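Peer 1: the sequence and its predicted three-dimensional model are supplied below.
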Amino acid sequence: MTLRARFLEEMKASMKAGDSARTSTIRMVMAKLKDTDIASRPTGVTEVPDEQIVSMLRGMVKSRRESVEMYTQGNRPELAAKEEAEIAVIEGFLPQQMDDAATQAAVDAAVAEAGATSIKDMGKVMAVLRAKYAATLDMGKAGPLVKAKLGA
């Protein structure tokens, strides 16, 4: 089942269950997806693929985490809790993330595959990681590991 179909099914289920917070979050995700589709039209793509949807969802989670941090600093726990609830719903659509050991193994394999020997080869390594593990690897965590491996 594609992510688009899952969004619709989950929204129907949450509406039937009367879960207004979940319904609202899924509607927000679907609106963002529609914006993403519209933005990609000039390139000839009418509907973005699942990989791009996953990337969009990760961006949404990242911005909400930043909001939670700001609301916490601003002593607004009720707004932080709302953002945390939205993060939980959005993360439910994301594929399972690699754990630390698997991430380290993926970085080691990518360094070997790219034949990287210095920090100048970091772009090559990141390209290999993105190509192979885009859906399940957090690139924000992988970057520092690659730097450490290449001796930065």
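Peer 2: Received it, and whenever you're ready, just let me know what you need.

Peer 1: how does this structure divide into domains?
Peer 2: 3-91, 100-149 (automatic domain parsing).

Peer 1: I'd like those domains written out as JSON lines, with mean neighbour count added.
Peer 2: Bear in mind the C-beta positions are built from the backbone N, C-alpha and C, glycine included. Below are these laid out as JSON lines (neighbours: other Cβ atoms under 10 Å):
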{"stretch": "domain 3-91", "mean neighbour count": "15"}
{"stretch": "domain 100-149", "mean neighbour count": "15"}
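
Peer 1: quick check: the residue positioned nearest the centre of the chain vs Asp138, distance?
Peer 2: Nearest to the mean C-alpha position of the chain, counting by Cα atoms, centre = their mean, stands Arg58 at 2.0 Å. Distance of Arg58 to Asp138, given as Cβ to Cβ, to the nearest Å: 8 Å.

Peer 1: coming back round to it: with mean pLDDT added, can I get the domains of the chain in a markdown table?
Peer 2: Shown next, in a markdown table, are these (pLDDT from 0 to 100):
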| stretch | mean pLDDT |
| --- | --- |
| domain 3-91 | 93 |
| domain 100-149 | 82 |
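
Peer 1: max-length helix in the chain?
Peer 2: The single longest helix within the chain, with elements called by DSSP state H, is helix 50-73.

Peer 1: how about that one as CSV, C-alpha atoms only?
Peer 2: In CSV, the C-alpha atoms belonging to helix 50-73 read as follows (Å, rounded to 0.1, in the frame of the first residue of the first chain):
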residue,chain,number,x,y,z
ASP,A,50,7.0,7.6,-1.8
GLU,A,51,10.7,8.4,-1.3
GLN,A,52,9.9,12.1,-1.6
ILE,A,53,6.9,11.7,0.7
VAL,A,54,9.1,10.1,3.3
SER,A,55,11.5,13.1,3.0
MET,A,56,8.7,15.5,3.3
LEU,A,57,7.5,13.7,6.5
ARG,A,58,11.0,13.8,8.0
GLY,A,59,11.0,17.6,7.3
MET,A,60,7.7,18.0,9.1
VAL,A,61,9.0,16.0,12.1
LYS,A,62,12.2,18.1,12.2
SER,A,63,10.3,21.4,12.2
ARG,A,64,8.0,20.2,14.9
ARG,A,65,10.9,19.1,17.1
GLU,A,66,12.3,22.6,16.7
SER,A,67,8.9,24.0,17.7
VAL,A,68,8.8,21.8,20.8
GLU,A,69,12.2,23.1,21.8
MET,A,70,11.1,26.7,21.4
TYR,A,71,7.8,26.2,23.2
THR,A,72,9.6,24.4,26.1
GLN,A,73,12.0,27.3,26.4
